[in-house]
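Student: Pasting a predicted model and its sequence here:
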Amino acid sequence: MERSVRFMPGKELPDELRAAMERVKAYGVTYPEGYHRILVGKYSEEGVRYPHILMIAGNPRIHRHFFYPHVLSRAGRLLDYGCGTGDNVRQLIRDGFPRTHIIAFDINWESISLGLDLYRDGEEMQDLLVVSETFPFGPGEFNTIYSASVIHVIGDEQEFLDYLAGAYSVLRPGGILFGSTLGLAREGSCIPIHGGLREL
Ligand SMILES: C[S@@+](CC[C@H](N)C(=O)[O-])C[C@H]1O[C@@H](n2cnc3c(N)ncnc32)[C@H](O)[C@@H]1O
């Protein structure tokens, strides 16, 4: 997939990075002098694969899900399937979910790296991050799966079926998959394209 630094009209990389840093600062993260400039240079060159991820970085949503109170009291291991920047696993840890029971998985490093650059917590996070192009987990490894805003970025039907089969295969009996995805209000008003959806 093509890398992108394209934001919706009126949005620019430097402003969006600044806004994300401000949101993350609310969690106690501090930045050295010139850090914003360094990130602007890095991501101007590398691109941001999902500009929307940067625009919501530092704004976790897992704790606003109606199932979240049950998650905190559930035993066993939790997989964040398509974790992106990792905002949601950091929220779980802040809320007391045992970090040794969490795995944050994505098929590439791009959004995870953005999260590590924003939170500056690479050392603390490295043991719970897993990146692999193929689904690397075995049967019954997890009691709970959280997966948010992943389905709408899958443009290929076989990839979607593989994604679901992966989730099903790793859940223990009684396991729960919960999360959210984007959609459109009008049925049939969009079709999948590579990397997302477009309106008809
Ligand atoms: C829009 S982001 C959402 C990230 C995060 N879950 C959140 O809510 O902020 C979608 C993420 O899903 C990942 N992804 C796409 N297809 C995937 C798949 N088949 N398995 C795992 N992750 C996938 C992408 O790499 C990207 O990081």
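Tutor: Happy to help now that I have it. Numbers count the residues shown, from 1 in each chain.
Student: CA atoms for contacts and neighbours, from now on please.
Tutor: Noted.
Student: now stretch 15-35, how far from the chain's geometric center?
Tutor: Stretch 15-35 has its C-alpha centroid displaced from the chain centroid by 18 Å (Cα atoms, centre = their mean, to the nearest Å).
Student: Endpoints of it, how far apart?
Tutor: Using Cα to Cα, to the nearest Å, one end of stretch 15-35 lies 14 Å from the other.
Student: go on, stretch 81-100?
Tutor: One end of stretch 81-100 sits 16 Å from the other (Cα to Cα).
Student: List the buried residues of that stretch.
Tutor: Buried residues in stretch 81-100, counted by 16 or more other Cα atoms under 10 Å: 81-92, 97, 99.
Student: of all these, which comes closest to residue 70?
Tutor: residue 97 (11.3 Å; Cα to Cα).
Student: Identify the residues contacting the strand ranked longest in the chain?
Tutor: If you go by DSSP state E, the chain has its longest strand at strand 171-180. By Cα atoms under 8 Å, 6 or more residues apart in numbering, the residues outside strand 171-180 that reach it are 62, 65, 67, 139-149, 167.
Student: got it, and stretch 66-80?
Tutor: With Cα under 8 Å, 6+ apart as the test, stretch 66-80 has contacts from 62-63, 88-89, 92, 95-97, 101-105, 141-147, 178.
Student: my hunch is that residue 137 is in a strand, does that hold up?
Tutor: No - assignment of residue 137 by DSSP: H, G, I helix; E, B strand; the rest coil gives coil, placing it outside any strand.
Student: Do you know the pLDDT at the residue nearest to it when sequence neighbours are not counted?
Tutor: Nearest residue to residue 137, sequence neighbours excluded (Cα to Cα, 6 or more residues apart in numbering): residue 170, at 6.5 Å. Per-residue pLDDT puts residue 170 at 98.
Student: show me what contacts residue 170?
Tutor: Counting by Cα under 8 Å, 6+ apart, residue 170 touches 137, 138, 139, 140, 141, 142.
Student: Among those residues, which one lies nearest to the ligand?
Tutor: Nearest to the ligand out of these is residue 137 (Cα to the nearest ligand atom; 11.7 Å).
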